[in-house]
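Q: could you look at this predicted model? Sequence included:
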Amino acid sequence: MIPEIETKSTAEIKTFQEAKLKIALNYLSENSPFYQRHFEQHQITVAKIQTLEDLTEIPVTTKDDIQQFNDDFICVPKSKIIDYVTTSGTLGDPVTFALTDADLERLAYNEAISFACAGVTSSDVLQLMTTIDRRFMAGLAYFLGVRKLGAGIIRVGAGIPELQWDSIIKFKPTYLIVVPSFLLKLIKYAEQHDIDLNASGIKGAICIGESFRNDDFTLNTLGEKITEHWQIDLFSTYASTEMSTAFTECEAQQGGHLHPELIIAELLDDYDQPVKDGEIGELTITTLGIEAMPLLRFKTGDMMKAHNQPCSCGRTTLRLGPIAGRKKQMIKYKGTTLYPPAMQNILNNFNALECFVIEISHNAIGTDEILIRIASDSPSDELLNQIKDHFRAKLRVTPKIEWSDKEVIDALRFPKLSRKPILVIDKRK
Ligand SMILES: [Zn+2]
């Protein structure tokens, strides 16, 4: 089930997207109070935006814009809104996203072709290990996508390894939808309870929220730790509420594929200009076909590389590499540019570590400082030195690392109302 457009030439995909872009621009100028003002303030005549290159003439939309003018982004009357979703905002309060019936249908289509991209078919059964409620879009999207694909789904939700295994044994799912580090908990539980992981019938995991690949698509520490115990295929999927679109890996596992009928992607530098081929840039997206809250040139804050070569799966669409990090969490440390995921990858190497949290702050002279708090059942100077050596070898710098109590770290990692654990605390102003 590959949509026809996904195997066309680059030029055909571009023409296709430019036609969709025109429709999107007209829709925004007729229905979006925010973009009507945006076009007027910046003297943009939408009829003059003809090509994807012309997009650079329109100033970008930021997370702050959505937070500040949340209601002005909604293009439909309240009576047309079916589902309300929230996502964390930049200024503290959550940002609301509204979806109409057509938007839910688009979400279902998006997720169905994404699952199909990873090789899931209508005869598969998927076990959902994420939250479906709590004003969360992803869980609902997975459910709708599985339904559209005609596959089966078991909605277990997050956590509770015992219940997860009970479901795996009882219903024999073939794929898991899961935050990859949770697979380590499932592995641990299986080993403690004499469950044969590789006889479980699970073929693969659709992984969200954490990166398990290096820049060259090989498995990172987390990915290796999982697959050395459990021989399953790991598929990365990158998505967000704002995009309402997923970039999911195919069987070649060389980055998440873009679906040209759903989204336009640009990678921009600090001056909102496209980066050169192969360079890391900030993913900036324009949604296509959304009714309630379409976005134009929205800066996601995620830094990554794009890959343009045709894929061995037959698709010719752009692929996005693993997220190097959040733009806001970029750290300049002793002359090196670092992102927290690279540090997490190093810490994940050490099984003796129970948990950790990374704190970033400014020192007295205004440059970045990093403090990593770690906890272990058996803390020792030797282990601490091993960790520091590993940092030096992999990242060329060693941040400040300190032993801490597990309770202290857990309190930092799980603040009230947070739906996912926090691994990075950024105290910089
Ligand atoms: Zn592919």
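A: Looks like it came in fine.

Q: dump the residue contacts of the residue of the stretch 1-150 of the chain found nearest the ion.
A: Here the stretch 1-150 of the chain gets closest to the ion at one residue, Cys117, 7.2 Å apart by CB to the ion. Glycine gets a C-beta too; all of them are placed from N, C-alpha and C. Residues counted as contacts of Cys117 (CB atoms under 8 Å, 6 or more residues apart in numbering) are Ile2, Thr248, Glu249, Cys250, His257, Cys313, Arg315.

Q: tell me how far the second one lies from Val146.
A: Computed with CB to CB, to the nearest Å, the distance linking Thr248 and Val146 is 13 Å.

Q: interface residues of the stretch 251-400 of the chain facing the ion?
A: Residues of the stretch 251-400 of the chain found near the ion (CB under 5 Å from the ion) are Ala252, Cys311, Cys313, Arg315.

Q: burial count for the residue nearest to the third one when sequence neighbours are not counted?
A: Leaving aside its sequence neighbours, Cys313 sits nearest to Cys250 (CB to CB, 6 or more residues apart in numbering; 4.0 Å). The burial count assigned to Cys250 is 24, neighbours taken as other CB atoms under 10 Å.

Q: who's in contact with Cys250?
A: By CB under 8 Å, 6+ apart, Cys250 lies in contact with Cys117, Ala118, Gly119, His257, Cys311, Cys313, Arg315.

Q: Pro94 contacts Ser88, doesn't it?
A: Yes. Taking CB atoms under 8 Å as the definition, Pro94 is a contact partner of Ser88 at 5.9 Å.

Q: run the chain-centre distance for the helix or strand bottoming out on mean pLDDT in the chain.
A: The helix or strand of the chain with the poorest confidence is strand 336-338; it has a mean of 86 (mean pLDDT, DSSP states H and E). Mean C-alpha position of strand 336-338 versus that of the full chain (CA atoms, centre = their mean, to the nearest Å) differs by 22 Å.

Q: also stretch 129-146?
A: The chain centroid and the centroid of stretch 129-146 are separated by 14 Å under CA atoms, centre = their mean.

Q: may I see the buried residues of that stretch?
A: 129-132, 135-146 (16 or more other CB atoms under 10 Å).

Q: can you tell me which of the contacts of Cys250 is nearest Tyr189?
A: Of all the contacts of Cys250, Tyr189 sits closest to Ala118, with 24.7 Å by CB to CB.

Q: point out the other helices and strands that the helix or strand where Pro341 lies packs with.
A: In the assignment (DSSP states H and E), Pro341 maps to helix 340-347. In terms of contacts (3 or more CB pairs under 8 Å, 6 or more residues apart in numbering; DSSP states H and E), helix 340-347 is packed against helix 221-229, strand 325-326, strand 353-362, strand 368-376, helix 381-395.

Q: ranking those by mean pLDDT, which is last?
A: When the helices and strands packed on helix 340-347 are compared by mean pLDDT, strand 325-326 comes last with a mean of 90.

Q: now Gln344. Nearest residue, chain neighbours left out?
A: Leu423 (6.0 Å).

Q: mind checking how far that neighbour is from Pro341?
A: Taken as CB to CB, the span from Leu423 to Pro341 is 9 Å.
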